[in-house]
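Chemist: Here is a sequence with its predicted model. Questions after.
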Amino acid sequence: MANVIIPFPFRKHTENQREMALEGTTLAEVLRTLLTKHAGLKVIHDQPGLLSIFINGKPITGDVEDWNEFTVSDSDEISLIIPIAGG
């Protein structure tokens, strides 16, 4: 199971869990599992531009449709990061 890191603002939808191990062989499957368990995180799918996604520190690019292209294994870490801009 891939380990998914949840950003602080979304933890209210995951019973305050910082991270969780989820099943799936692609990024799309892992995120689908996450959304099935925690429906409040539907924004990840509906507004993917709200997050930056990294697998083992490598940024993932593309649209939701491209998430099936990224394979994951049990040792992978998926980080969901909320981009911050300032000035």
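Modeler: That came in fine, so what should we check first? Numbers count the residues shown, from 1 in each chain.
Chemist: Identify each buried residue in the longest helix along the chain, please.
Modeler: The residue-count maximum for a helix in the chain (DSSP state H) belongs to helix 27-37. Neighbour-count burial for helix 27-37 flags 27-35 (criterion: 16 or more other Cβ atoms under 10 Å). Any C-beta I mention is one placed from the backbone N, CA and C, and that applies to glycine too.
Chemist: same check, this time on stretch 77-84
Modeler: Within stretch 77-84, the residues that count as buried by 16+ other Cβ under 10 Å are 78-80.
Chemist: In terms of model confidence, name the weakest of the residues you listed.
Modeler: On pLDDT alone, residue 80 ranks lowest of the buried residues of stretch 77-84, at 92.
Chemist: what's downstream of the helix or strand bottoming out on mean pLDDT in the chain, the next helix or strand?
Modeler: Lowest by mean pLDDT, DSSP states H and E among the helices and strands of the chain is helix 43-46, with a mean of 77. Later in the chain than helix 43-46, the nearest helix or strand by DSSP states H and E is strand 52-55.
Chemist: tell me what that following strand is packed against?
Modeler: Strand 52-55 makes packing contacts with strand 77-81 when contacts are defined by 3 or more Cβ pairs under 8 Å, 6 or more residues apart in numbering; DSSP states H and E.
Chemist: Contacts for the strand it packs on next, please.
Modeler: Here strand 77-81 makes contact (Cβ atoms under 8 Å, 6 or more residues apart in numbering) with 2-7, 10, 27, 30, 44, 51-57, 72.
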